[in-house]
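Q: Build me a structure from this.
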Amino acid sequence: MESDSGEVLFDICHVSHTFETEEGKTFDALKDVTAQIKKGEFTAIIGTNGSGKSTLARHLNALLIPTEGELIVEGMRTSDAGRVWDIRQKVGMVFQNPDNQLVAAVVEEDVAFGPENLGVPPEEIRERVDLALEKVGMTSYRKQAPSMLSGGQKQRVAIAGVLAMKPDCIVLDEPTAMLDPKGRKEVMDTIHELNKTEGITVILITHYMEEVIDADRVVVVDGGRIVDDGTPREIFSQVEQLKRYHLDVPQVTELAWELKKEGLPFKDGVLSVNEFTDEFKRVCDADFSVHGAQVSGKENYSEKYWRK
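A: Here you go, the predicted model:
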């Protein structure tokens, strides 16, 4: 859900982060990153392993502090130790492996864990747990052990645990990486629903390009820097550039791009199967000149590509 207010939630100002290895060597995971993220936006951050995208994500709720520069969350600097817990209540984090975030023996107790640690009154905790489980579609599993759930269900419980803290934003660091296709769909449907109906700001770190196409904005990270930033259509219209960053594109996007290279007038940035189908019909209905004669696009396509 793209923000209408334009109110800035994250102000990332010339952020760099340097890690030191056990051998005493250093490497720069982030290099002079500057960006703003608005309230209500669904922002996807993509990049290869080691690009710096997860390091950037961990700065957003003060799990990491910039070596240089500053990151401000609604006026609060993450470097201010006195505001760290305030920031983490505003910005929830969901990680790749849900088992690392589930701490209780029963689902509803796990969702209640965060509010209990904040000292929230018991009656309000019950209300928060009920609402959070309802939002992720897990109410009927509240009495079950997390160990009995599927991967997608576990991740939805982890999201419910974050929601019970009443955050303004959820940062998800490759939340579907360990899930099967069914689990990935469950989690992505939940994330989009929270963004659209609750107005929660979503920042998704992922390497599944199909998960990116419905975002409001895509940020491309390479070598610790932001190298591109735009809408999904703008980003995926640049297939060759993304390949230089060793990134994939959605399968239908690549198919349309390959066909365009062969001379078919597909538009750039085709993002979905339905869109590809519409483009295919349009191309097939167009007239092309073959061997000096005018034939229908459908005949041309069949002759040139299917009969190779």
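Q: Could I get the average pLDDT for the helix or strand hosting Asp110?
A: Assigned by DSSP states H and E, Asp110 falls within helix 107-117. The average pLDDT for helix 107-117 rounds to 93.
Q: And for stretch 283-299?
A: On average, stretch 283-299 scores 52.
Q: what's near enough to touch the residue positioned nearest the centre of the chain?
A: Residue closest to the mean C-alpha point of the chain, counted by CA atoms, centre = their mean, is Leu204 at 2.0 Å. Neighbour list for Leu204: Phe42, Thr43, Ala44, Ile45, Leu172, Pro175, Ile191, Glu211, Val212, Ala215 [criterion: CB atoms under 8 Å, 6 or more residues apart in numbering]. Glycine gets a C-beta too; all of them are placed from N, C-alpha and C.
Q: what kind of secondary structure is the fourth one in?
A: When you say that, I think you mean Ile45. strand (DSSP: H, G, I helix; E, B strand; the rest coil).
Q: quick one: it and Ala57 touch, right?
A: Yes. Using CB atoms under 8 Å, Ile45 is in contact with Ala57, at 6.9 Å.
Q: who touches both of those two?
A: Ile203, Ile205.
Q: which one of the two has more residues nearby?
A: Applying other CB atoms under 10 Å to Ile45 and Ala57 shows that Ile45 carries more neighbours, namely 28 against 22.
Q: got the contact list for that one?
A: So Ile45 contacts Lys53, Leu56, Ala57, Ile203, Leu204, Ile205, Thr206, Val218, Val219, Val221 (CB under 8 Å, 6+ apart).
Q: and which of those is nearest to Leu264?
A: Set against Leu264, the nearest of the contacts of Ile45 by CB to CB is Val218 (25.6 Å).
Q: quick one on the thing from earlier: may I have the strands that pair with whichever strand or helix holds the residue nearest to the centre of the chain, each with its orientation?
A: Assigned by DSSP H and E, Leu204 belongs to strand 201-205. If you go by DSSP bridges, strand 201-205 pairs up with strand 42-46 (parallel), strand 169-173 (parallel).
Q: Among the ones you listed, single out whichever gets nearest to Phe276.
A: Proximity to Phe276 (CB to CB) singles out strand 42-46 among the strands paired with strand 201-205, at 20.4 Å.
Q: Kindly export the helix or strand that that closest one is followed by (C-alpha atoms) in PDB.
A: Sequence-wise, the next helix or strand downstream of strand 42-46 (DSSP H and E) is helix 53-59. What follows is helix 53-59 as a C-alpha-only set of coordinates in PDB (Å, rounded to 0.1, in the frame of the first residue of the first chain):
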ATOM      1  CA  LYS A  53      20.800  -6.300   2.100                       C
ATOM      2  CA  SER A  54      20.500  -8.300   5.400                       C
ATOM      3  CA  THR A  55      23.000  -6.000   7.000                       C
ATOM      4  CA  LEU A  56      20.900  -3.000   6.000                       C
ATOM      5  CA  ALA A  57      17.700  -4.700   7.300                       C
ATOM      6  CA  ARG A  58      19.300  -5.200  10.700                       C
ATOM      7  CA  HIS A  59      20.100  -1.500  11.000                       C
END
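Q: Can you list the helices and strands that helix 53-59 packs against?
A: strand 8-20, strand 26-38, strand 42-46, strand 169-173, strand 201-205 (3 or more CB pairs under 8 Å, 6 or more residues apart in numbering; DSSP states H and E).
Q: Thank you, goodbye.
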